[in-house]
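Q: quick check, what structure comes out for this input:
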Amino acid sequence: MSINHENPLDSLPFPLWQIDARASVKIVRELHSQRGPDPDTYINYNPDLIDEILDSVLVESVNEAAIALFEGRTPHDLIGPVRYMFSQAPAAPKRTLLSRLAGHRCHRDEFEICSLNGRTHKVSFFITLPDSARPEDKAYAMMLSTIPRHGDEVGKRIAGGVAGSTAQESFATLLSSFAHDLKQPLAAIITSAETGQTWLRRSPPDVGRALIQTNRIIASAHRATQLVDGFRTNVLPQATSTLWDIEPGDGTALDIRGDD
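A: Numbers count the residues shown, from 1 in each chain. Below is the predicted model:
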């Protein structure tokens, strides 16, 4: 896998990861179904669950800023299991999992990372959490560096990526990415509506099948609402503020489930 230059996220100046989290669905469902202790306690007694997630949830794609942050040379340096992202923060994966179990669609945290060259520094971490009912959805992670204290070339590369692109260009790219994601549920709404009309035009009308399409329209509308709410609540403030001046998150779960 490699950077897809047709993806508008690749031109954003901050580090981004596209993640295939389908392998974690089984564990999430297991934790939802267990009737013993609370999930936090259950995970403490079964730490292998976190290990399984770290080894089976896979980074599919990264952008240039992510490569610079981890001092890599090519996208392939960061493709594969997500374990390396949390090498200096063993408690962070559990906090992310607990946010997902609570039904949150986004999670924010702050912890240290270790580059491929062994250098460590703090980042603010933000990740979207796919709905367990839609395991095919990708997760997207973002790290905002506080700039390495040693002020070395890594920091200059990261900072240069931000300074070298205008706010207008970054915001336009962000909007383009959002529009791309929003088109999917909107297209699903149109398809379901047209299919529902087909069933209703039959003689006699097939109301049962039309209702199935109506339910799909409602589900797609909720999905679109979640995307809009997430953009307005979490992404837009990030885009209009200083990228590297982030308040500590300490594992904050951002609830963008929306109002059903």
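Q: Ile50: helix or strand, and which one exactly?
A: Taking DSSP states H and E as the criterion, Ile50 maps to helix 48-56.
Q: I should have written Ala89 there, sorry.
A: Using DSSP H and E, Ala89 sits within no helix or strand.
Q: just to check, His32 is in contact with Leu101?
A: Yes - using CB atoms under 8 Å, His32 makes contact with Leu101 at a distance of 6.9 Å. Backbone N, C-alpha and C define where each C-beta goes, glycine included.
Q: surely Gln213 is in a helix?
A: Yes - checked against DSSP: H, G, I helix; E, B strand; the rest coil, Gln213 lies within a helix.
Q: and it, how close does it get to Ile67?
A: 44 Å (CB to CB, to the nearest Å).
Q: pLDDT averaged over stretch 74-92, what's the number?
A: Averaged across stretch 74-92, pLDDT comes to 95.
Q: list the buried residues of that stretch.
A: For stretch 74-92, the neighbour count (16 or more other CB atoms under 10 Å) marks 75, 78-79, 82-86, 89, 92 as buried.
Q: which of those residues fall in strands?
A: Among the buried residues of stretch 74-92, no residue falls in strands (DSSP state E).
Q: between the residues you listed, which is closest to Ile113?
A: Relative to Ile113, the closest of those is Met85; by CB to CB it sits at 6.7 Å.
Q: who does the residue nearest to that closest one when sequence neighbours are not counted bridge with?
A: Counting by CB to CB, 6 or more residues apart in numbering, Ile113 is the residue found nearest to Met85 once chain neighbours are left out, at 6.7 Å. For Ile113, the beta-bridge partners are His121 (DSSP bridges).
Q: who touches Ile113 in this structure?
A: 69-70, 85, 87-89, 120-123, 143 (CB atoms under 8 Å, 6 or more residues apart in numbering).
Q: what do you get if the cut-off is 10 Å, keeping everything else the same?
A: The neighbours of Ile113, taking CB atoms under 10 Å, 6 or more residues apart in numbering as the test, are 15, 69-70, 84-89, 92, 119-123, 125, 143, 145.
Q: for Phe125, see how far away it is.
A: The gap separating Ile113 from Phe125 is 9 Å, by CB to CB.
Q: common neighbours of the two, please.
A: Taking CB under 10 Å, 6+ apart as the criterion, Ile113 and Phe125 both touch 85-86, 89, 92, 143.
Q: average pLDDT across the helix holding Ile50?
A: 93.
Q: which of the residues in that helix are buried?
A: 49-50, 53-54, 56.
Q: just the strands in the chain please.
A: 16-20, 58-62, 80-81, 106-114, 120-128, 139-145, 252-254.
Q: for the second one, list every residue counted as buried.
A: So the one you mean is strand 58-62. 58-59, 61-62.
Q: sorry, back to before: quick one: which of the buried residues of helix 48-56 is nearest to Ala139?
A: Ile53 (11.6 Å).
Q: contact partners for that closest one?
A: 21, 23-24, 26-28, 81-83, 93-94, 96-97.
Q: again, only using 7 Å
A: Ile53 sits next to 24, 27, 93, 97 when contact means CB atoms under 7 Å, 6 or more residues apart in numbering.
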